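K.L.:
Take this sequence and fold it.
(2 chains, ligands or ions: 2)
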Amino acid sequence: MRFRLFLREPSAVFWTFGFPILLSIALGIAFRNRPPEAVSIVVQAGPGADAILRELASPLIKARVQDGEAARRELRSGKVVLLIIPAAEGAARTYRYDETRPEARMARALVDDALQTAEGRLDPTPVRDERVTEPGARYIDFLLPGLVGLNLMSSSMWGIGYMIVDLRTKKLVKRLVATPMRRGDFLLSFVLMRAVFLLVEVPLLFAFGWVVFGVRVVGSPLLLMGLAMLGSLAFAGLGLLVASRARNTQTVGGLMNLVMMPMFIGSGVFFSTSNFPDGMQPLLRVLPLTALNDGLRAVTNAGAGPSQVAFAAVVLAVWAAVSFAAALRLFRWR
Amino acid sequence: MTEPPVAARCRALVMRYPGGVAAIDGLDLDVHAGECFGLLGPNGAGKTTTVEILEGLLEPTAGDVEILGMRWSTDERRLRERLGVSLQETHLPERLTVIEALILFRSFFTKGREPEDVLRAVSLEEKRASYYEKLSGGQKQRLAVACALVGDPDLLFLDEPTTGLDPQSRLQLWDVVTEFKRAGRTVVLTTHYMEEAERLCDRVGIIDRGKLIALGSPRELIAALGGREVIEVTLGGGAIGEDRVGALSGIRGVSAVRRVAEGLALTADPLHVALPALLDHLRGAGLQLERLATRHATLEDVFVALTGRGLRD
Ligand SMILES: Nc1ncnc2c1ncn2[C@@H]1O[C@H](COP(=O)(O)OP(=O)(O)OP(=O)(O)O)[C@@H](O)[C@H]1O
Ligand SMILES: [Mg+2]
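P.N.:
Ligands and ions are numbered 1, 2, ... in the order given. Alright, predicted model coming up:
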């Protein structure tokens, strides 16, 4: 309220609005409607190698014949993901690959399938492929809400963290404490300021996603804004908490990274949290960024209603309240 | 509520910073209501520390502080409403305009002066809509004082309000303080400038190494030197011996002799007696007079007399 006068930094505006847009452009280009990538494999030279090469003629498989030693080297260095060692008629053919690499497992399945079919295998059940490209289920549809969440987190936390430390190094915090100003008001002003930013930030990002990538918000935009609001309150509170003791920008920067890094990785911004072990799931689910991302995604892509995002909303509200209260207690006023 | 006669009082104040020696070492101070009290002392003497303890911004290690009859531990909010503070260094946000800063600070107080009014008092009307970053050092300083005035305080703390100001800005600030005092309110200020203390302050306290070493009106302190005038002489012909210094202090009207960079400084009263006697003495001793100057004694002389060191060393 009293700090509405602080919003005059052009560079801050870029980091808030420009950066996520650039990031989604870059990622959008990277993931946009590209034909599925071919896997590179190598066949060890020897009898039968040429036949295999012929049988593997497919746009999804890039195969070459190489001498034994060279072939092994290519596999080791990761240039190819699979090495086929041909065998005599009737004997077992060898696939050599790293099982922990999803690409390699995929190549194995693909290659084996192609070879077995070419060599006369008959599939008992006919299948029909249906490829998904319509809006709502593409990677960018998954990515955009995650980016909005990430952006809310980093702009709230960095924005507030730096601003407070800056005020502290300028002795302005001390000067303000020398007035009858209520301390809670002071901290609250930062939170409210973030909330005002958000009214511009979130619609802008979603509008951008819609215009450029055709990402549609299936659910209620109002609910989306409500969630974003709770999210930004939670991160503003965390930002205050992180900045509450720090005396200089290095300290606050380090602490910020410490707090944000786990969420950056573990909160399903770029890939789904289901990639993490089941034991970690309950923990991940109560991280504020996970809650925010899940909520935003549910509303954007699946059109979830209020009751379906209630858990996310509660998680965010609790984070906001707890972090704000803690910041108020811990804040270094002098 | 009747005004207490003592606006600020501290007893046996000790402030020890973590790991350091005592920045304040047993300080007793009374600031009377309605006076302008000056704290003088060299760099690191403990002026800022003292003032910030009185302002309730620092917690003293030991000692007792009472402001306007109240205590920080129990009456913080009420006290804050009645205090005006200008810190030794504060930077407002770069992109805040002068008038916005005043409105902002005014908004913290339940009652206070019109921002426009205060703007006029510190002669910053022309800079009304300028960003803080575009102000000169002196203008920033005046704005800081304006921010301290906008809550219409009963007690005003100014930590080195005129350091780095040009003579004209300094005069303007002196006017602001004089004006404030005329309304019967109390000012506590710190300064390195003797003429400032002599002009503005009813009483001054000189602090050195966390201790109060002199207290009184500027006039009293100077009188205590034993003379209101100082004669500075530079003598030709090499070093001046101890016996010569002794002989000089025996001259009628001279109360003290001390060595300064260019020669000797003699505290004298009355001048019309001491000066002819001094000239006679030098002529009699066959000493060459290279330079002679007289001036009024200042608080600087008081400090040097008390500590043997200069105030701005
Ligand atoms: N935050 C601090 N931590 C440790 N020591 C400090 C701190 N602040 C001040 N001091 C020390 O306390 C002593 C008194 O400092 P203070 O700032 O009160 O001096 P001052 O009289 O205001 O000096 P100046 O004329 O330079 O403003 C100094 O020796 C200083 O080094
Ligand atoms: Mg100081």
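K.L.:
Point out where the stretch 1-150 of chain B drops to low pLDDT.
P.N.:
Applying pLDDT under 70 to the stretch 1-150 of chain B picks out residues B:1-4.
K.L.:
So which residues on it come close to ligand 1?
P.N.:
By the rule CB under 6 Å from any ligand atom, the part of the stretch 1-150 of chain B lying against ligand 1 is B:Tyr17, B:Gly20, B:Ala23, B:Gly41, B:Asn43, B:Gly44, B:Ala45, B:Gly46, B:Lys47, B:Thr48, B:Thr49, B:Gln88. For every residue, glycine as well, the C-beta is placed using N, CA and C.
K.L.:
Would you mind trimming these to those in range of chain A?
P.N.:
The subset of those within reach of chain A, by CB under 8 Å from any CB of the partner chain, is empty.
K.L.:
Mind picking the two most distant members of these?
P.N.:
Spanning the widest gap among those are B:Gly20 and B:Gln88, at 18.2 Å by CB to CB.
K.L.:
Give me the three-state assignment for A:Lys62.
P.N.:
Using DSSP: H, G, I helix; E, B strand; the rest coil, the structure places A:Lys62 in strand.
K.L.:
I'd assumed A:Ser40 was in contact with it.
P.N.:
Yes. Taking CB atoms under 8 Å as the definition, A:Lys62 is a contact partner of A:Ser40 at 4.7 Å.
K.L.:
Please see if stretch A:324-334 touches ligand 1.
P.N.:
No. Contact between stretch A:324-334 and ligand 1 is absent, the nearest approach being 9.2 Å (criterion: CB under 6 Å from any ligand atom).
K.L.:
Send over that stretch as PDB, restricted to the C-alpha atoms.
P.N.:
Extracted in PDB, the C-alpha atoms of stretch A:324-334 (Å, rounded to 0.1, in the frame of the first residue of the first chain):
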ATOM      1  CA  PHE A 324       4.900 -14.600   6.400                       C
ATOM      2  CA  ALA A 325       4.500 -15.200  10.100                       C
ATOM      3  CA  ALA A 326       8.000 -16.500  10.300                       C
ATOM      4  CA  ALA A 327       9.400 -13.600   8.400                       C
ATOM      5  CA  LEU A 328       7.700 -11.200  10.700                       C
ATOM      6  CA  ARG A 329       9.300 -12.800  13.700                       C
ATOM      7  CA  LEU A 330      12.800 -13.300  12.200                       C
ATOM      8  CA  PHE A 331      13.100 -10.000  10.200                       C
ATOM      9  CA  ARG A 332      16.300  -8.100  10.900                       C
ATOM     10  CA  TRP A 333      15.100  -4.500  11.400                       C
ATOM     11  CA  ARG A 334      18.400  -2.800  12.200                       C
END
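K.L.:
who's in contact with that stretch?
P.N.:
Outside of stretch A:324-334, the residues within contact range by CB atoms under 8 Å, 6 or more residues apart in numbering or on different chains are A:168, A:173-174, A:177, A:183-184, A:187-188, A:191, A:236-237, A:240-241, A:243-245, A:247, B:57-58.
K.L.:
Give me the subset of the residues you listed that lies in helices.
P.N.:
Under the assignment DSSP state H, these contribute A:168, A:173-174, A:177, A:183-184, A:187-188, A:191, A:236-237, A:240-241, A:243 to helices.
K.L.:
Now do the phi/psi pair for B:Ile24.
P.N.:
When read as degrees, to the nearest 10, the backbone of B:Ile24 gives phi -130, psi 140.
K.L.:
how about it, what does it touch?
P.N.:
B:Leu13, B:Val14, B:Met15, B:Gly46, B:Thr49, B:Thr50, B:Ile53, B:Pro60, B:Gly210.
K.L.:
which of those tops the neighbour count?
P.N.:
Neighbour counts for these, by other CB atoms under 10 Å in any protein chain shown, peak at B:Thr50, which reaches 28 neighbours.
K.L.:
wait, isn't that one in contact with B:Val14?
P.N.:
No. Counting by CB under 8 Å, B:Thr50 does not reach B:Val14; the two are 11.1 Å apart.
K.L.:
which residues do those two both contact?
P.N.:
Joint contacts of B:Thr50 and B:Val14 (CB under 8 Å, 6+ apart) are B:Ile24, B:Leu27.
K.L.:
Spell out which parts of chain B neighbour chain A.
P.N.:
Contact residues (CB under 8 Å from any CB) of chain B with chain A: B:55-58, B:77, B:80-81, B:83, B:85, B:87, B:89-93, B:95-96, B:100, B:104-105, B:107-110, B:147, B:151.
K.L.:
Buried ones among these?
P.N.:
The neighbour count (16 or more other CB atoms under 10 Å in any protein chain shown) marks B:55-58, B:80-81, B:83, B:85, B:87, B:90-93, B:95-96, B:100, B:104-105, B:108-109, B:147, B:151 as buried among these.
K.L.:
Run through the bridge partners of B:Ala22.
P.N.:
With DSSP bridges applied, B:Ala22 shows beta-bridge pairing to B:Arg16.
K.L.:
can I assume it is in contact with B:Gly63?
P.N.:
No. With contact defined as CB under 8 Å, B:Ala22 does not reach B:Gly63; the gap is 11.1 Å.
K.L.:
mind listing the helices for chain B?
P.N.:
Using DSSP H, helices in chain B cover B:47-54, B:72-82, B:98-108, B:115-121, B:137-149, B:167-182, B:194-200, B:218-223, B:242-249, B:271-285, B:299-307.
K.L.:
Format these as JSON lines; extra columns: distance to A:Pro262.
P.N.:
Compiled in JSON lines, the helices of chain B are given as follows (distance: least, CB to CB, whole Å):
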{"stretch": "helix B:47-54", "distance to A:Pro262": "40"}
{"stretch": "helix B:72-82", "distance to A:Pro262": "39"}
{"stretch": "helix B:98-108", "distance to A:Pro262": "38"}
{"stretch": "helix B:115-121", "distance to A:Pro262": "47"}
{"stretch": "helix B:137-149", "distance to A:Pro262": "42"}
{"stretch": "helix B:167-182", "distance to A:Pro262": "53"}
{"stretch": "helix B:194-200", "distance to A:Pro262": "57"}
{"stretch": "helix B:218-223", "distance to A:Pro262": "64"}
{"stretch": "helix B:242-249", "distance to A:Pro262": "75"}
{"stretch": "helix B:271-285", "distance to A:Pro262": "79"}
{"stretch": "helix B:299-307", "distance to A:Pro262": "58"}
